[in-house]
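Enquirer: predicted model and sequence below, questions to follow.
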There are 2 protein chains.
Amino acid sequence: MKGTKAGRRGLGRVTAEEVARRLGVSQSTISRAFSPSASISDEMRTRVANAAMELGYQPNIIARSLITRRTGIVAIVIGNLVDPFYTTLLDILTDRLQAGGKQTLLFSSSRAGGLDAIMPTLLQYQVDGIVITSAAVTSDMARICAKRETPVVLLNRNVPGLDISAVCCDNVQGGRQMARHLVGLGHKRFAFVVGQPDASTSLERQQGFVSELAQAGISSCVIEQAGEYSYEAGYEAALRLAAGASRPEAVFFASDIMAIGGMDAFRSRGLSVPGDISVVGFNDVPLAAWPTYALTTVRHPWEQMAARVVDLLGVDAAAAPVRKAVTELIPGDLILRGSTGPRRDQ
Amino acid sequence: MKGTKAGRRGLGRVTAEEVARRLGVSQSTISRAFSPSASISDEMRTRVANAAMELGYQPNIIARSLITRRTGIVAIVIGNLVDPFYTTLLDILTDRLQAGGKQTLLFSSSRAGGLDAIMPTLLQYQVDGIVITSAAVTSDMARICAKRETPVVLLNRNVPGLDISAVCCDNVQGGRQMARHLVGLGHKRFAFVVGQPDASTSLERQQGFVSELAQAGISSCVIEQAGEYSYEAGYEAALRLAAGASRPEAVFFASDIMAIGGMDAFRSRGLSVPGDISVVGFNDVPLAAWPTYALTTVRHPWEQMAARVVDLLGVDAAAAPVRKAVTELIPGDLILRGSTGPRRDQ
DNA sequence: TTGAAAGCGTTACCAT
DNA sequence: ATGGTAACGCTTTCAA
């Protein structure tokens, strides 16, 4: 008899077929009832909706994606989930995607052996788009994704030669703003603390900072290597700066979390911030606004960046994703707080 | 001709069919080559592997899942991505799942209108399991998931009546440990700061704390409502405690992030921690170990909890998931740091 | 060991 | 507006 077919269903999942039988209509009709643009009578639509509700039917998105070729899944590859910078980014991005009906498939690149290890599985899931916040993208990957027509957007990374879209805070301009602010306070001796030495973000902030200092007639700036973007690395770098021969009056850390580590380190050595030394960071993570730190920093235009990323992925409309690779450079805002102050006469 | 069929392939995705044609074998053979347990000659397996490599073929997991009924996707519903407690949890959990070949589909419950709004879409993705870290699970949801045979594990939440598995830190025992520690330091006047008033975590910690205090002969403990688990809420609660008539000597905040807000608040009022007031939290997030805070706290057995969750999901083996709902209560460790000190004679 | 064919649950096209 | 049917890309019997 006809009933046997659906009877051997493995899991307790209701299919369109069952709803159809219940209503004595064809399975196609059930499908149409869940497609807003399909031509179906209002009456039938509500009948199906009711039956679906009763039986607990929801269309299987996975099966649907096989034919629509859209899974509604966007992969986000994130550096780590310890640095508040990344978690803030993830928070805002996930929220925006969710609002657009897209889901987030999360990949942490730090632990799982880098992007190379992740990329294949990621593509196996037929994601509609990929957001990479921190990892070395190779031209091979770019080519593969382009061939599959899977849009890739680099967030907070700029790899000029690669024909991949990128959304970035204007790090150079941010560095310049910082220099102007600190020079305006009368400081003479500066230091810049490098995060990951190969990260474009750190390099660009440094470049903007140093070049603007030079333009203000200050030709020297101590460059201190922290090795990585972390509280501990910032802490250690600050200790070295504090112990150095000529202690800087103002220190620009390449990221907030390093700057906060740095402030703690300076204070642990009895130095007052900003009394003895001014400290600034970059990002404006929530921590930076805490009264203990009150960190002067450059605010990442979070919302705007997330909005542009979603745009470039082309996930909202049914329209084809943006073909040509573009690089968006969004300016950040200088946020003045209590960690910077005027030069003290000595 | 035969070629037309695959020719109208929409996106630049290579299918098993194409690899098969390239090798002059059947599509089934390609499938078998990617199934470790299938019976296929070694020679054929390597031939397929090579051809797949050349063409850039990878099996489509989505299509596979239609028949295997396993997507390899686990949904994680997380309270928010601002509290380091949740991000730490997410970090460890994602890592463990990734190690087991499972991927994380991330849902933030705070912004998107709660679990009720999320649950339907989540199930549409045919996830192999669901981890809920913070949200109100209703019996309806439990029933629906049970019917679908989708394992659900509550992490850091205990809902006794619901026949859903849960993995939890032993909050009562943690509260007791805290009480013993602080009583041992000689303190007499205590306060407990409640996080979310309806959260079982906060209630249990409070219960353990207060009952152990009572056992030590201390019958009164100020209960202060913070309203939510956040830095700001902890800060405000601490200000109220500091301004109160009889200031407590030791304050137990229901979570680390609140405790840290509280420390900042006390210090902003000129109080020394632990000189004037001892502060403790719960979780042991990375922040808690920073020298500025050096927070005495109860360490969540992160790794162990994550391991148990993955276990209960039954995602590792092909074996059927655990049927019976179990509640795992894992004891936390008391971590002594600098935020607590002996009672000062007054 | 391999190939042919029947699904998996859906959408989309073509009739009616 | 509705029903039948062919995909989508894969796994899995069943034959050979």
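Expert: Received it, and whenever you're ready, just let me know what you need. Numbering: from 1, shown residues only, chains lettered A, B, ... in the order given.

Enquirer: could you look up the SS state of A:Ser272?
Expert: Secondary structure for A:Ser272, judged by DSSP: H, G, I helix; E, B strand; the rest coil, is coil.

Enquirer: and the pLDDT at it?
Expert: Turning to A:Ser272, the model gives it a pLDDT of 97.

Enquirer: which residues touch it?
Expert: Applying C-beta atoms under 8 Å, 6 or more residues apart in numbering or on different chains to A:Ser272 gives no contacts. From N, CA and C alone the C-beta is placed, and that goes for glycine too.

Enquirer: repeat the analysis, applying 10 Å as the threshold.
Expert: A:266, A:341, A:344 (C-beta atoms under 10 Å, 6 or more residues apart in numbering or on different chains).

Enquirer: return the distance of the helix or strand where the first one lies from the chain's centre.
Expert: Using DSSP states H and E, the element containing A:Phe266 is helix A:256-268. Averaged C-alpha coordinates place helix A:256-268 at 24 Å from its chain's average position (C-alpha atoms, centre = their mean, to the nearest Å).

Enquirer: so does it get close to chain B?
Expert: Yes - where contact is defined by C-beta under 10 Å from any C-beta of the partner chain, part of helix A:256-268 touches chain B, namely A:260-261, A:263-265, A:267-268.

Enquirer: how about the closest residue in space to A:Gly72 that isn't next to it in sequence, phi and psi?
Expert: Nearest non-adjacent residue to A:Gly72, counting by C-beta to C-beta, 6 or more residues apart in numbering or on different chains: A:Lys102, 5.5 Å away. Dihedral pair for A:Lys102: phi -110, psi 150, per degrees, to the nearest 10.

Enquirer: show me the domain layout of chain A.
Expert: In the assignment given by the TED database, the structural domains of chain A cover A:16-67, A:73-169+A:302-332, A:171-299.

Enquirer: so which elements touch the helix or strand hosting A:Ala233?
Expert: Assigned by DSSP H and E, A:Ala233 belongs to helix A:231-243. Contacts defined by 3 or more C-beta pairs under 10 Å, 6 or more residues apart in numbering or on different chains; DSSP states H and E place helix A:231-243 against strand A:190-194, strand A:222-225, strand A:250-253, helix A:256-268.

Enquirer: would you mind finding the most buried of these?
Expert: Comparing the helices and strands packed on helix A:231-243 by mean neighbour count (mean count of other C-beta atoms under 10 Å in any protein chain shown), strand A:250-253 comes out on top with a mean of 31.

Enquirer: and A:Met53, how many residues sit next to it?
Expert: 10 (other C-beta atoms under 10 Å in any protein chain shown).

Enquirer: could you look up the SS state of it?
Expert: Applying three-state DSSP: A:Met53 is helix.

Enquirer: got a list of what the closest residue to A:Val210 other than its chain neighbours touches?
Expert: In space, and not counting its chain neighbours, A:Val210 is closest to A:Cys221: 5.3 Å by C-beta to C-beta, 6+ apart. By C-beta under 10 Å, 6+ apart, the contact list for A:Cys221 reads A:179, A:189-192, A:206, A:209-210, A:213-214, A:248, A:250, A:252.
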